[in-house]
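# Could you look at this predicted model? Sequence included:
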Amino acid sequence: MFVCDQLRADHLGCYGNPIVRTPHIDGIGARGTRFDNFFVASPICMPNRATLMTGRMPSLHGVRHNGIPLRLDATVFTELLGAAGYRTALIGKCHLQNMLDKPAMVQADGGGGLQIAELSDARHDRIDGPEYEQESRRRWKDPAHDLGLPYYGFEHVELCDGHADETFGHYSRWLAARDPDAHKLCGPDNAIPDDRFVAPQAWRTRLPEELYSTSYVAERSEAFLADRAKGSRESPFFLQCSFPDPHHPFTPPGRFWEMYDPREIPAPETSGDPPENAPPHLRWLHAERAAGQTNLNTPRVIAVREREAREAIALTYGMISMIDGAVGRILRALQDSGEAGNTVVIFMSDHGDLMGDHGLLFKHPLHYRGLIRVPFLWAEPGDRPGRPCPALAGTLDVARSILNRAGIAAYNGLQGASLLPLVFEDAGASGHDSILIEEDGQRIFGGFEKPVRCRSLVTERWRMTVYDGVEWGEIYDLQNDPKEVNNLWPDPDFRRDKAELMERLARKMIACADKSPLPTGLA
């Protein structure tokens, strides 16, 4: 299973992009099922990655936003694979625990009175001990530090966390072994000057291609497959190759920096100023930028100018093409190992990026299609012809689908649906009638008075987003307004549609409520 970070579906050739070159990824789609309407459970890294591993919505597994580690007692599908005899391995980015060493932006509100620290949360077990700091950059500065295995069901892990040319983990030790001075090549202060680019968070790294994180994931995945070819093949394997790219900061190395000319990249159709009926937080972001008050180094969504968007897209395409080359290397290693004939290959992303749509860059609570729709390719072994699948599906379905394919029963509380009937074109197979997307934030911005909490419902025709604490929302008719420009929420002609969507959202949230733990008896 290949996992990219912040890759939107329409940034691949097999999803119709006419510019970016991704022949190896396109090859997976050419012999597999290409899901054209595959959506995240949350458009943020940690919540959606935790959903990928648990098969449960963020409101259930507890990783509501970045900064909350996934509890170590959470059941993950890789544990079941391991228990069934699979060898499980992760090479690359994990991000089920905090990578940074920054304090939380949201503090406890005890409501006054006597504070009892050990009883300050709804659960007794804490998630701030050393066992929940295993991915922290600070920890990896200690040469003796390593992960406690198995780590979320992976018995073999070679970690590469972080982004750009400043990734760390086992990768840092691999890098230092190849060039002890490599750290002097990384970061914006050591970058090659290139005044052709003004996009925020973009620098031309001095780190060569062969030492970049994408090459690390390729090399170590190749080594895993080569070792397996030399050893016993009695047990099956599950290998997750997880790339830190394409994610800001934008630092494609070597030839990938200028592989695509920003001047030849068309600006997104919606890259201009927002219309009058645009949601208030979109207008707020543009007003913040116009007033010169935007922090361009923040990880949250920002408003950008057309030139900046085109440059960000060009550099992102460079990172994607580098990943495509790595995918090709790993698939060749799979072929050389003799395992290609009995191995399922999956390609996906944790979430997308606004990439200039509506004049925005990065992510957070504006659930436009470029952010919430991601690629998902499922290729069975053999030379089957590929085909598109229009059914609604999402990250929530992945764990159940993998367990189903491995012949392993689901555990109580596992959500989502198996995608195998769609993959094998079973008669009567259909996707979901709607997809629920959850987002809870730590930051206060966008004109909100508290951290943003919102829920979106996506159907074949509509996308509706409801926000906590405000009376306004968003409704878009995706059939007649695929670019999501005309917000119908305040339009009186669509009151009936709004009421029907609100009812569907309520029913979807009931359907996604927890069924774990099982009852132990009758009252």
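Great, that's in hand.

# where along the stretch 201-350 of the chain do the helices fall?
Ranges of helices in the stretch 201-350 of the chain, per DSSP state H, counting those that start in this stretch, are 213-230, 280-290, 306-336.

# you'd agree Leu225 is up against Arg329?
No. Assessed by Cβ atoms under 8 Å, Leu225 is found out of contact with Arg329, at 10.3 Å. (C-beta placed from N, C-alpha, C; glycine too.)

# Need the nearest residue in space to the most centrally placed residue in the chain, chain neighbours excluded.
Residue closest to the mean C-alpha point of the chain, counted by Cα atoms, centre = their mean, is Asp350 at 1.7 Å. Nearest non-adjacent residue to Asp350, counting by Cβ to Cβ, 6 or more residues apart in numbering: Asn48, 5.0 Å away.

# Just to be sure, the one you found is in a strand?
No. Counting by DSSP: H, G, I helix; E, B strand; the rest coil, Asn48 falls outside a strand, being helix.

# Just to check, it is in contact with Leu396?
No. The criterion here is Cβ under 8 Å, and Asn48 misses it with Leu396 at 9.5 Å.

# ok, back up a step: per-residue pLDDT, the residue nearest to the centre of the chain?
On the pLDDT scale, Asp350 is placed at 97.

# can you check Gly111 too?
pLDDT, Gly111: 69.

# now Pro253
Looking at Pro253, its pLDDT reads 98.

# how deep is it tucked in, by neighbour count?
24 (other Cβ atoms under 10 Å).

# Also the one 3 residues further on?
Using other Cβ under 10 Å, Phe256 has 22 neighbouring residues.

# about what we covered before: who touches both of Asn48 and Leu396?
Ala41 (Cβ atoms under 8 Å, 6 or more residues apart in numbering).

# Can you give me the distance of Val398 to Asp195?
43 Å (Cβ to Cβ, to the nearest Å).

# So for the two, which sits in the more crowded spot?
Using other Cβ under 10 Å as the criterion, Val398 and Asp195 rank with Val398 on top: 26 against 5.

# pretty sure the more buried one is in a helix, no?
Yes. Assessed with three-state DSSP, Val398 lies in a helix.

# Excluding residues flanking it in the chain, which one is nearest it?
What sits nearest to Val398 in space, not counting adjacent residues and going by Cβ to Cβ, 6+ apart, is Leu52, at 5.6 Å.

# do Arg307 as well
Nearest one to Arg307, counting by Cβ to Cβ, 6+ apart, is Val198 at 6.6 Å.

# list the contacts for the one you found?
Contacts of Val198 by Cβ under 8 Å, 6+ apart are 307-308, 311.

# Can you say which of the residues you listed are buried?
Buried members of the contacts of Val198, scored by 16 or more other Cβ atoms under 10 Å, are 308, 311.

# pretty sure Met46 contacts Gly62?
No. Here Met46 does not reach Gly62: they are 10.5 Å apart, not a contact under Cβ under 8 Å.

# Quickly list what's touching both of those two.
Counting by Cβ under 8 Å, 6+ apart, the residues touching both Met46 and Gly62 are 68, 70.

# Please say which of those two ends up with more neighbours.
Higher neighbour count among Met46 and Gly62: Met46, with 23 against 18, using other Cβ under 10 Å.

# secondary structure element for the closest residue to that one other than its chain neighbours?
Spatial nearest neighbour of Met46, chain neighbours left out: Asn66 (4.7 Å); criterion: Cβ to Cβ, 6+ apart. Under DSSP states H and E, no helix or strand contains Asn66.

# burial measure for Asn66, as a count.
For Asn66, using other Cβ under 10 Å, the count is 19.

# Quick one: residues contacting it.
44-47, 98, 442.

# So which of these is surrounded by the most neighbours?
Highest neighbour count within these: Pro47, with 29 neighbours (other Cβ under 10 Å).

# so that residue makes contact with Glu438?
Yes. With contacts defined as Cβ under 8 Å, Pro47 counts as touching Glu438 at a distance of 7.3 Å.

# For these two, list the residues in contact with both.
Common neighbours of Pro47 and Glu438, counting by Cβ under 8 Å, 6+ apart, are 41, 58, 64.

# Measure how buried the last one is and give me the count.
If you count neighbours by other Cβ under 10 Å, Arg64 ends up with 21.

# wait, isn't it in contact with Asp440?
Yes. Using Cβ under 8 Å, Arg64 is in contact with Asp440, at 4.0 Å.

# quick revisit: next step: the shared contacts of Pro47 and Glu438 restricted to helices.
Pro58 (DSSP state H).

# In JSON lines: the shared contacts of Pro47 and Glu438, plus distance to Leu70 and pLDDT.
Putting the shared contacts of Pro47 and Glu438 into JSON lines (distance: Cβ to Cβ, whole Å; pLDDT from 0 to 100) gives the following:
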{"residue": "Ala41", "distance to Leu70": "13", "pLDDT": "98"}
{"residue": "Pro58", "distance to Leu70": "10", "pLDDT": "98"}
{"residue": "Arg64", "distance to Leu70": "11", "pLDDT": "96"}
